[in-house]
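1. Only the shape, not the letters, is given here:
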């Protein structure tokens, strides 16, 4: 039996911010009704026998615009004896978490989890997310869900402040998950800025615990020594997304609120497309670091119209992150050796060989 299935409920298509990289190009005032939400959750409870638990993710827009609905749904199920464990979760921009909402979340932190989207320090957050830093009680999220961390999205505008943003989060003991923005105009003119910021990060994190090193400079470089593998997420399997009308999609990135140049893809269409296409970009098939390149089906589809084809606009950005990861491993192994990091002989060899291979790659 699989561990968990994630059910995203788009309870509103409205948001109170205008983030520079927002991928939801078709926001409306539509919202999900209580009866429909209950119908969807009941259906998933009855038809997810292969999973031990369900994670109900309230999604938007900004989900806490519909706080009354979130509260009503959660309290409806908290009063029932369910056939399996149900976890309630929401990703929020944090700006509405005050007053009654804040109190309710604090009172129910043991059975409701909030994930905060925070793009770093004040400079990064404000330039990306509508000058919203001062509207967020960051310590509230850290204190109530200390292991949850924040979701950082990096744009061209916030890139110059990258190191200071990570430093702020580290000094405040906030874990971070990072990614480059999708569906924005990336240019190789930004590479020197990224390289500068990554160098600062390598120097800063060199003596920090391994489990606190950001993904951006902690890519699993040993994997490039293995045969190229096609990877993807569990969209449509352990993840599904419902829009405000109850239509079901493989994940939120295939929904109509996102679609722009490409058609939305419903769940029943997804598996046909997934099985009939493969990566047609030779640059990817021949790339030495393809095994450590992010591969999200939804992000691929948003950018290229093919869930298997990565967005090649950020190839050199991933290469720079690979070089930073290799540099960090080089410094660690040079000064401490493989035994210090509990590396077996094969993994040690793969990392050493990967360092040499990556450092010889050139920007294309």
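-> Right, received. Where do you want to start? As the structure is a computational prediction, the values presented were derived from the model and not from experiment. Numbers count the residues shown, from 1 in each chain.
2. what is the mean pLDDT for stretch 110-129?
-> For stretch 110-129, mean pLDDT is 98.
3. Offset the numbering so it begins at 54, please.
-> OK, 54 is where the count begins now, so the last one is stretch 163-182.
4. List the buried residues of it.
-> 165-182 (16 or more other Cβ atoms under 10 Å). The way it works is simple: take the backbone N, C-alpha and C, and place the C-beta from them, glycine included.
5. Now go through these and say which are in strands.
-> Cross-referencing the buried residues of stretch 163-182 against strands under DSSP state E gives 165-170.
6. out of those residues, who's nearest residue 140?
-> Taking Cβ to Cβ as the measure, residue 140 lies nearest residue 166 of those, at 7.1 Å.
7. Tell me if residue 285 really is in a helix.
-> No: under DSSP: H, G, I helix; E, B strand; the rest coil, residue 285 sits outside any helix and is assigned coil.
8. That one contacts residue 350, correct?
-> Yes: at 5.0 Å, residue 285 and residue 350 qualify as touching, with contact defined as Cβ atoms under 8 Å.
9. Name the residues contacting each of these two.
-> Residues touching both residue 285 and residue 350 (Cβ atoms under 8 Å, 6 or more residues apart in numbering) are 360-361.
10. Which one's more surrounded, these two?
-> Shown here are residue 285 and residue 350; by other Cβ atoms under 10 Å, residue 350 has more neighbours (24 against 13).
11. Who are the contact partners of that one?
-> 285-286, 288, 303-304, 306, 327, 360-361.
12. Please report phi then psi for the closest residue to it other than its chain neighbours.
-> Excluding its sequence neighbours, the residue lying closest to residue 350 (Cβ to Cβ, 6 or more residues apart in numbering) is residue 360, at 4.1 Å. Backbone torsions for residue 360, taken as degrees, to the nearest 10, come to phi -70, psi -20.
13. What of residue 260?
-> phi -100, psi 10.
14. Next one: it from residue 350, what distance?
-> 37 Å (Cβ to Cβ, to the nearest Å).
15. same question, residue 274
-> 24 Å.
16. about what we covered before: just the closest of the contacts of residue 350 to residue 110, please.
-> Nearest to residue 110 among the contacts of residue 350 is residue 304, at 10.5 Å by Cβ to Cβ.
17. Need the pLDDT of that closest one.
-> Value for residue 304, per-residue pLDDT: 95.
18. tell me the SS of residue 383?
-> Following three-state DSSP, we place residue 383 in the helix state.
19. pretty sure it contacts residue 411?
-> No: the pair residue 383 and residue 411 does not pass the contact test of Cβ under 8 Å, sitting 9.8 Å apart.
20. More neighbours: these two, which one.
-> residue 411 (23 against 17).
21. tell me which element the more buried one is part of?
-> In the assignment (DSSP states H and E), residue 411 maps to helix 398-412.
22. for that helix, which positions count as buried?
-> 401, 403-405, 407-408, 410-411.
23. what sits up against that helix?
-> By Cβ under 8 Å, 6+ apart, the list of residues contacting helix 398-412 from outside reads 274-278, 341-342, 375-376, 378-380, 382-383, 386, 391, 396.
24. Show the buried residues in those residues.
-> Buried residues within the contacts of helix 398-412, counting neighbours by 16+ other Cβ under 10 Å: 274-278, 341-342, 375-376, 378-380, 382-383, 386, 391, 396.
25. In strands, which of these appear?
-> Secondary structure from DSSP E places none of those in strands.
26. Cross those residues against helices and list the overlap.
-> 375-376, 378-380, 382-383, 386 (DSSP state H).
27. which among those residues gets closest to residue 59?
-> Each of these was scored against residue 59 by Cβ to Cβ, and residue 378 proved nearest at 28.2 Å.
28. Wait, that closest one touches residue 276, no?
-> No: Residue 378 is not in contact with residue 276 according to Cβ under 8 Å; the separation is 11.1 Å.
29. For residue 248, which non-adjacent residue is closest in space?
-> residue 373 (5.6 Å).
30. next one: residue 258
-> Nearest residue to residue 258, sequence neighbours excluded (Cβ to Cβ, 6+ apart): residue 266, at 5.0 Å.
31. okay, now the one you found: neighbour count?
-> 20.
32. where along the stretch 254-403 of the chain do the helices fall?
-> For the stretch 254-403 of the chain, applying DSSP state H, counting those that start in this stretch gives helices covering 320-329, 335-338, 350-357, 368-389, 398-412.
33. Now those helices in JSON lines, please, with extra columns for mean pLDDT and distance to residue 209.
-> Formatted as JSON lines, those follow (pLDDT from 0 to 100; distance: least, Cβ to Cβ, whole Å):
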{"stretch": "helix 320-329", "mean pLDDT": "84", "distance to residue 209": "31"}
{"stretch": "helix 335-338", "mean pLDDT": "84", "distance to residue 209": "22"}
{"stretch": "helix 350-357", "mean pLDDT": "89", "distance to residue 209": "16"}
{"stretch": "helix 368-389", "mean pLDDT": "96", "distance to residue 209": "11"}
{"stretch": "helix 398-412", "mean pLDDT": "97", "distance to residue 209": "24"}
